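Colleague: got a predicted structure here, sequence first:
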Amino acid sequence: MAAPSSRTCLQYLLHLAQDNLDFRLPSPFWCLDGLSEEDVRTVMARSVCAKSAFELWGHGRTHSELRTSLLKYPSENMTPFMQRDSTYRINVYTFNKTLEFADRIKRIDAMEYLPFEGTVSLKSPQHIFCLLEDYGTDPNNIPEHPSYVYFGRWIADGQRELIRSHSVKNRHFIGNTSMDAGLSFIMANHAKVKENDLVFDPFVGTGSLLVACSHFGAYVCGTDIDYNTIHGKGRSSRKNQKWRGPDENIRANLRQYGTQRSYLDVMVSDASKPVWRDTVLFDAIITDPPYGIRESTRRTGSHKDITKPPDDFCGESHVPVSMAYHLSDIFTDLLNFSAHHLVKGGRLVYWLPVYRPEYCEEMIPLHPSLRMISNCEQTLSSHTSRRLITMEKIKEPEESDALAHLSDPRFSPYQGHNAFREKYFSGLNKKLGKDDSMDKVNGEGQEG
Amino acid sequence: MKLLTHNMLTSHVKGVTKGYPLLIKATEVKVNEVEFNPEFVSRMIPKLEWSALVQAAEGLGHLHELPAELTPDYEKNEEFLKKAHRVLLEVEVIEGCLQCPESGREFPISRGIPNMLLNEDEV
């Protein structure tokens, strides 16, 4: 039997998509070792950021170096895929450059020094190989020659098709702040959502995050303070549609993608006053809390600075008089809730709005029961961004933990009445001049 | 509202200490077919208060031979899991309300969706 160790030292190449750049290393090509092919397939079965994965056979800064590298690759690792009775094709992929058809063919022909014994089949080959050329990241300065070249055997593609198939553009029920499909799946991956998990979203809105979680086989539930959104009523967020139709609700969204068995329940509820029995534990909590800009932050209770009650299209008051839900409270409550209601090892994944000029890592909310896993920035404007925060529950909370944050200076940036919202709008005012900024506020508070 | 969800809800009216389980007063109940997934049902059972589930199902007239006590080795008992599946996921309260057992406060359920919001004076 051939020595297994040579196969376990294989390198893999991931070709990453050129979006969500803030979430990853700068290059779209990522070499990995210490993995098995099964590991790679598992990753590709979930990733929406990776385009393709290859078993890396050779690489170099020039085609000459590539050739040297390939000739050094153990032939016993090549021959299983080069058998005489097999079919194959070679693809050429050039990053940041368009290649003429003739040039592609030239490159494929140049690979003939490899011991291909099988027959070429363009339609449905058993084995696919790929020559990848990296022409840098500057589209205005494309070099004559690639800075790096790779050659490998194609293993699997990622799940980027989900971004198209689950696009919010074609979804039955959307709202002003529905999370785009790509980000929803990234969040579900950060939360390690798997089949038969119980997942909860306390600011569920139109359920975009639940759609992504249901795709991976989890059972989902959510709450939202907004009666109309939960019931799928009120004004449509679509350009050419005034009111929502009868089949617009979260359940219908799951039905659209064939995951209706995943739907547990949604409820009208205030996230600051949880309705779950103490021992209820979720496998994951995934959410996009309101930032106070496009949707107002609200909670029930009377207070001096009461915000204007939402317009309710059927004239009844479904929502008790709201008071401003200070942003710092949202995160305190969310972390505290997660510490109590996640299984050990379960994850909380949420977006934190950031005023960039004042950002520092110390202002990310913490909790003794939760360990920070990642913090990925998505820029929204020159002075604002949001950060995708992933935390994992490491131990049960203690009574004293609930008050721990109060003495912590890290919460001051979010305190005060909607401080983030003020900074967001003051930034806009400075940029556009005060009159223009009022137009940008269009749609704010519309969802109630 | 499904009975799996109901089993996990409690009354959060201010001052209430015995807010679980909420009483169900249903005016419309539906039984929908939901794809049977024994692994999921099995995973949820440890999270449940079994007697509250039985009580709720009975109150709706949808007990469907669900045993009053958990069967040992239920993970492998497909018959049992099917009955649990039916009660947990297929029975749905469409209209009615949930009542706090201590304060009597009612939370309406409409179109299958409970409204758990409290008024300013109740928080």
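Modeller: Thanks, I have it.
Colleague: quick one: the residue nearest to A:Pro353 when sequence neighbours are not counted from A:Phe331, how far?
Modeller: Nearest residue to A:Pro353, sequence neighbours excluded (CB to CB, 6 or more residues apart in numbering or on different chains): A:Tyr291, at 4.1 Å. Backbone N, C-alpha and C define where each C-beta goes, glycine included. A:Tyr291 sits 11 Å away from A:Phe331, taking CB to CB, to the nearest Å as the criterion.
Colleague: do the same with A:Ile174
Modeller: Per CB to CB, A:Ile174 is found 26 Å from A:Phe331.
Colleague: enumerate the positions of the longest helix along chain B that are buried.
Modeller: Ranked by residue count under DSSP state H, the longest helix found in chain B is helix B:50-60. Buried residues in helix B:50-60, counted by 16 or more other CB atoms under 10 Å in any protein chain shown: B:50, B:52-57, B:60.
Colleague: same check, this time on stretch A:391-404
Modeller: For stretch A:391-404, burial by neighbour count (16+ other CB under 10 Å) applies to A:391-393, A:397, A:401.
Colleague: show me what it is in contact with.
Modeller: Contact partners of stretch A:391-404, identified using CB atoms under 8 Å, 6 or more residues apart in numbering or on different chains, comprise A:335-336, A:338-340, A:342-349, A:367-373.
Colleague: please redo it, this time with the cut-off set to 10 Å
Modeller: Residues outside stretch A:391-404 that contact it (CB atoms under 10 Å, 6 or more residues apart in numbering or on different chains): A:190-192, A:281, A:285, A:332-336, A:338-350, A:364-375.
Colleague: which of the residues you listed are buried? Put it as a ChimeraX command.
Modeller: Burial among the contacts of stretch A:391-404 is assessed by 16+ other CB under 10 Å; the matching ChimeraX selection reads:
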select /A:190,191,192,281,285,332,333,334,335,336,338,339,340,341,342,346,347,348,349,350,364,365,366,367,369,370
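Colleague: strands - which of the contacts of stretch A:391-404 land there?
Modeller: Cross-referencing the contacts of stretch A:391-404 against strands under DSSP state E gives A:285, A:342-350, A:370-375.
Colleague: tell me the secondary structure for A:Arg41?
Modeller: helix (DSSP: H, G, I helix; E, B strand; the rest coil).
Colleague: burial of it, as a residue count?
Modeller: 12 (other CB atoms under 10 Å in any protein chain shown).
Colleague: how about it: what's its closest non-neighbour residue?
Modeller: Nearest one to A:Arg41, counting by CB to CB, 6+ apart, is A:Ala156 at 5.3 Å.
Colleague: what's the local residue count around that neighbour?
Modeller: 17.
Colleague: ok, and of the buried residues of helix B:50-60, which contact chain A?
Modeller: Contacts with chain A within the buried residues of helix B:50-60, counted by CB under 10 Å from any CB of the partner chain: B:Ala52.
Colleague: dump the buried residues of helix B:50-60 into JSON lines; add pLDDT as well.
Modeller: Putting those into JSON lines (pLDDT from 0 to 100) gives the following:
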{"residue": "B:Trp50", "pLDDT": "96"}
{"residue": "B:Ala52", "pLDDT": "97"}
{"residue": "B:Leu53", "pLDDT": "97"}
{"residue": "B:Val54", "pLDDT": "97"}
{"residue": "B:Gln55", "pLDDT": "96"}
{"residue": "B:Ala56", "pLDDT": "97"}
{"residue": "B:Ala57", "pLDDT": "97"}
{"residue": "B:Leu60", "pLDDT": "96"}
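Colleague: tell me which of the buried residues of helix B:50-60 is nearest to B:Val34?
Modeller: Taking CB to CB as the measure, B:Ala57 is the one of the buried residues of helix B:50-60 closest to B:Val34, at 15.4 Å.
Colleague: from A:Ile142, how far off is the closest one?
Modeller: Per CB to CB, B:Ala57 is found 67 Å from A:Ile142.
Colleague: over to A:Asp103?
Modeller: 14 Å.
Colleague: give me the below-cutoff pLDDT ranges for the stretch 151-300 of chain A.
Modeller: Low-confidence segments of the stretch 151-300 of chain A, defined by pLDDT under 70, span residues A:235, A:242-248, A:292-297.
Colleague: in it, which spans are strands?
Modeller: All strands of the stretch 151-300 of chain A, identified by DSSP state E, counting those that start in this stretch, fall at A:198-201, A:219-224, A:263-268, A:282-287, A:298-300.
Colleague: can I get the third one as CSV, trimmed to CA atoms?
Modeller: Taking only C-alpha atoms (Å, rounded to 0.1, in the frame of the first residue of the first chain), the coordinates of strand A:263-268 have been written out as CSV:
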residue,chain,number,x,y,z
TYR,A,263,-40.2,27.4,10.7
LEU,A,264,-41.0,27.3,14.4
ASP,A,265,-42.6,30.6,15.3
VAL,A,266,-42.2,34.3,15.2
MET,A,267,-43.6,36.6,17.9
VAL,A,268,-44.2,40.2,18.6
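Colleague: so does that strand get close to chain B?
Modeller: Yes: part of strand A:263-268 sits near chain B under the criterion CB under 10 Å from any CB, namely A:263-268.
Colleague: what about the spatially closest residue to A:Val266 that is not a sequence neighbour, neighbour count?
Modeller: Counting by CB to CB, 6+ apart, the nearest residue to A:Val266 once its immediate chain neighbours are dropped is A:Gly222, at 4.9 Å. A:Gly222 sits with 25 neighbouring residues when counted by other CB under 10 Å.
Colleague: before we move on, back to that, past the longest helix of chain B, which element shows up next along the chain?
Modeller: helix B:78-85 (DSSP states H and E).
Colleague: in that following helix, what's buried?
Modeller: By 16+ other CB under 10 Å, the buried positions in helix B:78-85 come out as B:80-81, B:83-85.
Colleague: pick out the residue closest to the middle of chain A.
Modeller: A:Ile186 (2.4 Å; CA atoms, centre = their mean).
Colleague: ok, it touching A:Phe23?
Modeller: Yes: here A:Ile186 reaches A:Phe23: they are 7.3 Å apart, a contact under CB atoms under 10 Å.
Colleague: name the residues contacting each of the two.
Modeller: Common neighbours of A:Ile186 and A:Phe23 are listed as A:49, A:376, A:388 (criterion: CB under 10 Å, 6+ apart).
Colleague: how about the second one, what does it touch?
Modeller: Read it as A:Cys376. A:20, A:22-24, A:186, A:190, A:351, A:386-390.
Colleague: next one: the first one
Modeller: The contact partners of A:Cys49, taken as CB under 10 Å, 6+ apart, are A:14, A:16-17, A:19-20, A:23-24, A:158-160, A:163, A:182, A:185-186, A:189.
Colleague: can you pick the most crowded of those residues?
Modeller: Ranked by the number of neighbours (other CB under 10 Å), the contacts of A:Cys49 place A:Phe185 first, at 27 neighbours.
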